[in-house]
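Asks: quick check, what structure comes out for this input:
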Amino acid sequence: QVQLQESGPGLVKPSQTLSLTCTVSGDSITTNYYYWSWIRQPPGKGLEWIGAIAYSGSTYYSPSLKSRTSISRDTSKNQFTLQLSSVTPEDPAVYYCARAGELGAFGYWGQGTQVTVSS
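Replies: Numbers count the residues shown, from 1 in each chain. Below you'll find the predicted structure:
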């Protein structure tokens with residue numbers, strides 16, 4: 001069974017960089033043809049896709065967040081990481097990692113981690 005687990009600091013100061021790691025078990029992040037994504041849900045709002053790293057290592061980002069987002073991976077640890085720079089009061093949310101297939105459906109999700117932005 002595929003399991004994803006987010007980890008990282010729950011509190012980030014404004015203008016700093018948010019860094020979260022997703023640890024995957026039950027599947028390899030290099031398995032064809034899956035896309036390993038980051039998604040967030042701000043308080044009282046819907047889900048927002050942030051970006052993804054493919055089985056091949058290619059990365060894809062939301063246009064609205066692209067300038068501040070970087071997704072990377074460590075295949076030896078079967079982990080992928082989100083970095084969101086210059087965080088603002090608009091960035092607090094529950095951050096999820098998830099696995100999507102080629103057609104875009106998210107089949108597996110982590111439990112989510114709450115991130116707060118405060119000085």
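
Asks: for the rest of this, base every contact and every neighbour count on C-alpha atoms.
Replies: Noted.

Asks: is the residue nearest to the spatial centre of the chain bridged to anything, and to what?
Replies: Geometric centre of the chain, nearest residue: residue 38, 2.5 Å, by CA atoms, centre = their mean. Judged by DSSP bridges, the bridge partners of residue 38 are residue 51, residue 97.

Asks: any idea how far it is from residue 119?
Replies: 24 Å (CA to CA, to the nearest Å).

Asks: ditto for residue 55
Replies: 37 Å.

Asks: which one's more surrounded, these two?
Replies: Neighbour comparison, residue 55 and residue 119: the larger count goes to residue 55, with 16 against 8 (by other CA atoms under 10 Å).

Asks: could I get the pLDDT score of the nearest residue to the more buried one once chain neighbours are set aside?
Replies: Distances taken as CA to CA, 6 or more residues apart in numbering place residue 30 nearest to residue 55, at 4.2 Å, with adjacent residues excluded. Listed pLDDT for residue 30 reads 96.

Asks: which ones are touching residue 30?
Replies: Applying CA atoms under 8 Å, 6 or more residues apart in numbering to residue 30 gives the contacts 54-57, 75.

Asks: among those residues, who's most crowded?
Replies: Most surrounded of the contacts of residue 30: other CA under 10 Å gives residue 54, at 23 neighbours.
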